[in-house]
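Colleague: Attaching a predicted model along with its sequence, questions to come.
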Amino acid sequence: MTSAKHHIVTALVENKAGVLARVAGLFARRGYNIFSLAVAPTHDPKLSRITIVVDVDSAPLDQIVHQLDKLINVVEIRELGPSDSLERELLLATIAVDSQVRSEVIQIVAALGGAVLDVGVQCLTVELAGTPESLDTLEELLRSYEIVAIQRTGRVALPKLRSTGSQIDNLRIA
Amino acid sequence: MKLTGAQALIKSLETQGVEVMFGLPGGAILPVYDPLLDSSIRHILVRHEQGAGHMAEGYAQVSGKPGVAMVTSGPGATNIVTPLANAYMDSTPLVVISGQVASTSIGTDAFQECDITGITMGITKHNWLITDVNDIPQVIAEAFHVATSGRPGPVLVDFPKDIANALMEWHEPGEIILPGFNPITEPNPESIRQATELILSSKRPVLYVGGGVLKSRASEALSILVEQSGIPVVTTLMARGAFPDSHPLALGMPGMHGNYTAVTALQKADLLISLGARFDDRVTGKVSAFAPNAKVIHADIDPAEIGKVRTPDVSLIGECRRSIEELTRSLTERAATKAPGETPLLPLQISDWIKEIRAWQDEFPLNYDKEATDTVKPQFVIESLSKAADDGTILVAGVGQHQMWASQYWKFDHPYTWVNSGGLGTMGFAVPAAIGAKVGRPDKTVWAVDGDGCFQMTAQEIVTATAERIPVKIAILNNAYLGMVRQWQHMFYDERYSEVYLSPDLPNYVGWAEAMGAVGFRVDTPEDVGPTIDKANEIDDRPVVIDFRTDVTEKVFPMVAAGASNDDIMVGPFGRKGESK
């Protein structure tokens, strides 16, 4: 479950072999906890963006950011405050259903803006893309049923436009 | 000009100005050892790769140039892991070249394959696996740049055998573009102004000087700051020599085995001006009780050190030398603007503070049983070595009791005359590091002080020293024990001595020294200490080893127990004037 102790760190890193290992290894050896991590190339093929949700109980955020910044492959790093950023996450879940609860599950997913992706004789696979909180809600509700498998992607985030004023350059990281 | 990768590597090292490297060949690095025969680079063949790493560290610490070591893949590479970790903790610039199996074999568990870039990720500033022969000039240039820029440290370049044998068209390295590596060198002027005000308003300031002052070659700048401001100085274990012990404002070493005055001055200060120090646990003791009433100015080139242990009131991120120079300039300018009739601002009006410090120095001197005649006191050996040493002699230590006594009782008056393993605490550091130091400064006498436990870990490198005609001198403080561990077992484990006895005679140190081509002496009595040191100092054509049989019961004092507050410093039986227990 997400909590107020979680902070988002977004880093632009060189798109090179082993960079993710360097980032993850730093967290491990300094005793910082990763809550979730998402990584993919950006529009610039030389760069990837890593979005890490960290548990700041494990270390002061400043220290985490400074240590990450020391990695040669980390080009830029910043913290995104929850109120200054847009966060999204995707959840996929397969739920065991019989004829009695099938429609209940479908209704819950629909009410939260999700969709049914696949229907089997004994199972449903559903998706929800949204804020981490809405995913938490769905996950909580689905616990009343038999969850066969669940996978969340971890958060991705970008700064909110209003938090950056009219300066488009403030939005460009690197 | 077509070159093999191996030739390009050697040429790249020459381009970086490498004069000496330490190493040991093996299968995967074989191609590189061939063009080395035609190179201007002096290669020193070690007996164990750990020796190569520590030699490169000793060389770097005294010369200011990066140390270079070369090893083969697999065990060659893993044997140099300890020096890399040591150099990382002590911010020593090191470039290690490791051979690797052919790139086509990586990941197949080939003979002598190991993932050395994975292993060393956490103990290097950065490492590289070369995958294209054409990258060699650029990667080597980047490796030296990263090792020596900003906060210095070790790097590793992993070099597959097929890349060494491949052909490339030689080209000079291009501009170094590392978008994620831009060390800040100039301190922020506003922070300098704030620091200046803190200093001018302090009544009990202390300059807390760490290894960063040496790394940024700021000893002279520091002397000027001290002369202008009149602020007393403590030098940490990594900074011994950065400020002369003979200066009246030098208080010596703080920390777990620091002297009473240095420890207490930090505790009672109202302002710590930390210069290139990192609030190590061996200095702070219990952090929450460390210098409880002090404001802190923290100058460091590494932003991650700021606030890591203690939140400063003002941080100065930048090269230590520049921060010191700017502080001096700002203090002087500010002092010049005082109103007519006002008391001069500089030097600071802190005579009460200095008086208090002088009283501590008088009451709690560094001391031991100087009257003992029946046994050789280890502290007496260090004092005797120091007195007999030429000005500028380099002292190297291993890790343990002997290291602390060396740091306490040797008089350091010049920067880059003290080499030791501070952060990692690597036993066995002294012998190879001394050899590297002598290679870096052949014009200076190099003494290593070692423990009998340490000596047995790396003594085989004396063979290297003899073969390469590197005349280092080694003083073993032989108390037949792992002394520091024994001290803790005595003090904190009810004198239950577990696995610490080594025997004074096994090995036969004099015989061992002679077998390795060195001169060996043995000293059993205090009267023999001075004359034997004189004999050793006269030998300049081969290594010398002195086996000093020292008092096993002697402990390192003062001492702050691990995790205790620095207020609870134990000065030991002879640590208070007029008292002996």
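Modeller: Looks like it arrived, so ask away. Numbering: from 1, shown residues only, chains lettered A, B, ... in the order given.

Colleague: C-alpha only now, for contacts and for neighbours.
Modeller: Fine.

Colleague: Wait, B:Ile470 touches B:Pro543, no?
Modeller: Yes: assessed by C-alpha atoms under 8 Å, B:Ile470 is found in contact with B:Pro543 at 6.9 Å.

Colleague: Any idea which residue of chain A lies closest to chain B?
Modeller: Nearest to chain B, among the residues of chain A, is A:Val75, at 3.9 Å (C-alpha to the nearest C-alpha).

Colleague: which SS state does that residue fall under?
Modeller: strand (DSSP: H, G, I helix; E, B strand; the rest coil).

Colleague: Check it and give its pLDDT.
Modeller: With respect to pLDDT, A:Val75 scores 96.

Colleague: Now it: closest residue in space that isn't a chain neighbour?
Modeller: In this structure, A:Val75 finds its nearest non-sequential neighbour in B:Gly180, 3.9 Å apart by C-alpha to C-alpha, 6 or more residues apart in numbering or on different chains.

Colleague: Contacts for the helix or strand encompassing A:Ile8, please.
Modeller: Element membership for A:Ile8, per DSSP states H and E: strand A:6-14. Applying C-alpha atoms under 8 Å, 6 or more residues apart in numbering or on different chains, the contact partners of strand A:6-14 are A:19, A:35, A:46-56, A:61, A:65, A:73-82, A:157, A:173-174.

Colleague: show me what contacts the residue of chain A closest to chain B?
Modeller: Shown in contact with A:Val75 (C-alpha under 8 Å, 6+ apart): A:11-14, A:69, A:174, B:179-181.

Colleague: got these as JSON lines, with pLDDT columns?
Modeller: Shown next, in JSON lines, are those (pLDDT from 0 to 100):
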{"residue": "A:Ala11", "pLDDT": "95"}
{"residue": "A:Leu12", "pLDDT": "96"}
{"residue": "A:Val13", "pLDDT": "97"}
{"residue": "A:Glu14", "pLDDT": "96"}
{"residue": "A:Asp69", "pLDDT": "96"}
{"residue": "A:Ala174", "pLDDT": "44"}
{"residue": "B:Pro179", "pLDDT": "93"}
{"residue": "B:Gly180", "pLDDT": "94"}
{"residue": "B:Phe181", "pLDDT": "96"}
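
Colleague: Among these, find me the one that's closest to B:Tyr208.
Modeller: Using C-alpha to C-alpha, A:Asp69 comes nearest to B:Tyr208 of the contacts of A:Val75, at 26.4 Å.

Colleague: That closest one against A:Ile77, yeah?
Modeller: Yes: at 6.5 Å, A:Asp69 and A:Ile77 qualify as touching, with contact defined as C-alpha under 8 Å.

Colleague: quick one: contacts for B:Ala277?
Modeller: When contacts are counted by C-alpha under 8 Å, 6+ apart, B:Ala277 is found next to B:208-212, B:236, B:299-300.

Colleague: From the residues you listed, pick the one nearest B:Ser498.
Modeller: So of these, ranked by how close each gets to B:Ser498 (C-alpha to C-alpha), first place is B:Thr236, at 31.0 Å.

Colleague: Who are the contact partners of that closest one?
Modeller: Neighbouring residues of B:Thr236 by C-alpha under 8 Å, 6+ apart: B:208-211, B:252-255, B:277, B:283.

Colleague: Try it again at 10 Å.
Modeller: Shown here is B:Thr236, whose contacts under the criterion C-alpha atoms under 10 Å, 6 or more residues apart in numbering or on different chains are B:208-211, B:242, B:252-255, B:258, B:262, B:277-280, B:282-283, B:407, B:422.

Colleague: Please apply the same query to A:Val119.
Modeller: Residues near A:Val119 by C-alpha under 10 Å, 6+ apart: A:94-95, A:97, A:102, A:125-126.

Colleague: So which of the residues you listed would count as near chain B as well?
Modeller: When C-alpha under 10 Å from any C-alpha of the partner chain is applied, no member of these is adjacent to chain B.

Colleague: shaky segments in the chain?
Modeller: If you meant another chain, say so; for now it's chain A. A:1-4, A:58-59, A:163-174 (pLDDT under 70).

Colleague: I was after chain B.
Modeller: Residue ranges of chain B with pLDDT under 70: B:580-581.

Colleague: can you list the domains in it?
Modeller: With domains defined by automatic domain parsing, chain B comprises B:2-169, B:189-363, B:378-556.

Colleague: Output stretch B:470-479 as CSV, restricted to C-alpha atoms.
Modeller: Taking Å, rounded to 0.1, in the frame of the first residue of the first chain, the C-alpha atoms of stretch B:470-479 are listed here in CSV:
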residue,chain,number,x,y,z
ILE,B,470,63.1,-0.3,-3.2
PRO,B,471,64.8,0.3,0.1
VAL,B,472,61.9,0.6,2.6
LYS,B,473,62.3,0.2,6.3
ILE,B,474,59.9,-1.8,8.4
ALA,B,475,59.5,-1.6,12.2
ILE,B,476,57.4,-4.5,13.5
LEU,B,477,55.9,-3.8,16.9
ASN,B,478,55.9,-7.5,17.8
ASN,B,479,53.8,-8.1,20.9
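
Colleague: got the domain boundaries for chain A?
Modeller: What automatic domain parsing lists as the domains of chain A is A:6-80, A:86-156.

Colleague: Just say which of those domains is most tucked in.
Modeller: Most buried of those, by mean neighbour count (mean count of other C-alpha atoms under 10 Å in any protein chain shown): domain A:6-80, with a mean of 18.

Colleague: ranges for the strands of chain A?
Modeller: Using DSSP state E, the strands of chain A run over residues A:6-14, A:33-41, A:47-55, A:74-80, A:85-96, A:115-119, A:123-130, A:146-152, A:156-159.

Colleague: Check the stretch 101-250 of chain B too.
Modeller: Here the stretch 101-250 of chain B has its strands, by DSSP state E, counting those that start in this stretch, at B:126-129, B:154-160, B:167-169, B:205-209, B:233-235, B:250-252.

Colleague: Can you lay out those strands as a markdown table showing distance to chain A and mean neighbour count?
Modeller: Shown next, in a markdown table, are the strands of the stretch 101-250 of chain B (distance: least, C-alpha to the nearest C-alpha, whole Å; neighbours: other C-alpha atoms under 10 Å in any protein chain shown):
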| stretch | distance to chain A | mean neighbour count |
| --- | --- | --- |
| strand B:126-129 | 7 | 20 |
| strand B:154-160 | 11 | 28 |
| strand B:167-169 | 23 | 16 |
| strand B:205-209 | 22 | 27 |
| strand B:233-235 | 26 | 29 |
| strand B:250-252 | 31 | 24 |
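
Colleague: Since that was my last question, I'll sign off now.
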